[in-house]
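Chemist: Let's see this in three dimensions:
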Amino acid sequence: MVDSIVVRPIEAGDIGSFNECVNAIVRERSYLAFLEPFGIEETASFVLSMIQDGVQLVAIDRSRVIGWCDVHREAAQSHAHVGRLGMGVLEPYRGRGIGERLLRATLDAAVRARFEKIELSVYASNGRARALYERLGFRLEGTRVRGRKVDGRYEDVHLMGWFPDERTAPVRS
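Modeler: Residues are numbered from 1 along each chain as shown. This next block holds a predicted model:
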């Protein structure tokens with residue numbers, strides 16, 4: 001049941017479950033840039049860095065991470081006002097509004113963290129995700145034609161951006 005799903009900031013205690021969630025989506029080879037699962041140490045390092053200087057929320061179902069949305073700050077000083085968004089929801093939970101809840105809450109947190117722009121990339125085949133991003137105010141900024149290649153097949157990558165100062169209404173519904 002969707003009402004029992006809790007969306008909250010990630011905690012160090014979520015690292016193992018988060019690792020399982022991310023790796024399940026990585027193994028699908030359809031939605032993320034990475035094609036090989038992450039080790040627990042790499043995941044722990046990422047999560048701890050996000051807790052310190054980023055925005056990362058998780059969707060929890062009975063203590064299990066079933067989705068996430070995060071924004072990490074660009075490293076170059078002249079780009080530090082920009083955040084890069086990543087997200088994923090486990091397959092059995094897709095199409096139930098969890099991704100939208102995660103994204104809305106993450107964008108609200110990114111505004112509070114003073115990000116001035118949020119960028120993301122989405123594969124051309126992922127129309128449902130692109131529609132969600134557009135619904136929440138992301139706009140297409142460009143396309144990397146044949147920007148992704150998996151198993152010998154190319155796919156276009158759409159680049160999208162969101163500006164908090166251009167919102168006409170709060171992100172929350």
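Chemist: Run through the bridge partners of Arg64.
Modeler: Taking DSSP bridges as the rule, Arg64 bridges to Asp61.
Chemist: Look at it and report its pLDDT.
Modeler: For Arg64, the model assigns a pLDDT of 96.
Chemist: So it sits against Phe18, correct?
Modeler: No. With contacts defined as C-beta atoms under 8 Å, Arg64 does not count as touching Phe18, sitting 9.9 Å away. C-betas here are computed from N, CA, C, even on glycine.
Chemist: ok now the longest strand seen in the chain, how far from the chain's centre?
Modeler: Looking across the chain with DSSP state E, the single longest strand is strand 139-150. Taking C-alpha atoms, centre = their mean, to the nearest Å, the mean C-alpha location of strand 139-150 is offset from the chain mean by 17 Å.
Chemist: same deal with stretch 152-168?
Modeler: Centre-to-centre, stretch 152-168 and its host chain are 12 Å apart (C-alpha atoms, centre = their mean).
Chemist: Report the buried residues of it.
Modeler: Glu155, Val157, His158, Met160, Gly161, Trp162, Pro164 (16 or more other C-beta atoms under 10 Å).
Chemist: For these, could you give me a markdown table that also reports pLDDT, secondary structure and distance to Ser4?
Modeler: A markdown table is the format used below for these (pLDDT from 0 to 100; DSSP: H, G, I helix; E, B strand; the rest coil; distance: C-beta to C-beta, whole Å):
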| residue | pLDDT | secondary structure | distance to Ser4 |
| --- | --- | --- | --- |
| Glu155 | 96 | strand | 35 |
| Val157 | 97 | strand | 35 |
| His158 | 97 | strand | 33 |
| Met160 | 97 | strand | 31 |
| Gly161 | 96 | strand | 34 |
| Trp162 | 96 | strand | 29 |
| Pro164 | 90 | helix | 30 |
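Chemist: and the residue nearest to Arg94 when sequence neighbours are not counted, backbone torsions?
Modeler: Closest residue in space to Arg94, ignoring its immediate chain neighbours: Arg128 at 7.8 Å, by C-beta to C-beta, 6 or more residues apart in numbering. Torsion angles at Arg128 (phi, psi; degrees, to the nearest 10) stand at phi -60, psi -40.
Chemist: that older thread, neighbour count for Arg64 and Phe18, which is higher?
Modeler: A count of neighbours by other C-beta atoms under 10 Å puts Phe18 above the other of Arg64 and Phe18, at 24 against 14.
Chemist: which element is the more buried one on?
Modeler: According to DSSP states H and E, Phe18 maps onto helix 15-28.
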